[in-house]
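Student: Return atomic coordinates for the entry below.
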Amino acid sequence: MDKDLILTELDYKAVRSSGPGGQHANKTATKVELAFDISNSEALSDYEKRRISRKLSGRINKDGVLKMSSEDSRSQHTNKEIVTQNFLFELREALKKQKPRKKTKPTKASKLKRLKAKKKKSEIKANRKDPLK
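Tutor: As a prediction, this is how the structure comes out:
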């Protein structure tokens with residue numbers, strides 16, 4: 001993954017943001033939408049493209065374009081930085097390899113402890129019963 005090349009392949013679009021802001025929000029485009037065409041990217045290998053497509057399938061449209069947006073700030077520049085950082089974080093997370101899970105067995109001591117607890121519980125319940133019946 002070549003970060004600098006990926007940053008050149010990003011498409012940004014500024015649109016009007018929803019929510020509070022009054023007149024300011026009605027006349028300025030502060031929300032930033034980021035689009036990244038995964039299938040036509042030269043910065044990613046085929047393996048990385050497949051992995052990202054699988055991991056981030058919920059954010060990728062049918063054309064193979066990953067879309068993200070930010071409208072946290074009232075500043076377009078700040079929103080652009082935020083969405084870029086979020087995008088890079090998501091890419092890094094998608095490309096991370098998970099460690100394989102190691103199977104474990106309960107220890108002999110833990111098995112004995114469990115059996116002793118069961119035995120004690122059954123004795124307590126047995127002592128509750130009416131001895132005449």
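
Student: For burial, what's the neighbour tally of the closest residue to R59 other than its chain neighbours?
Tutor: Among residues not flanking R59 along the chain, L66 sits closest, at 5.6 Å (C-beta to C-beta, 6 or more residues apart in numbering). Quick note: C-beta positions are derived from backbone N, CA and C, even for glycine. Applying other C-beta atoms under 10 Å, we find 22 residues neighbouring L66.

Student: give me the element L66 is part of.
Tutor: strand 65-70 (DSSP states H and E).

Student: Put the alpha carbons of that strand into CSV.
Tutor: Extracted in CSV, the C-alpha atoms of strand 65-70 (Å, rounded to 0.1, in the frame of the first residue of the first chain):
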residue,chain,number,x,y,z
VAL,A,65,-16.0,2.9,-5.3
LEU,A,66,-15.4,3.3,-1.5
LYS,A,67,-17.3,6.4,-0.2
MET,A,68,-16.9,8.2,3.1
SER,A,69,-18.0,11.6,4.3
SER,A,70,-17.5,13.9,7.2
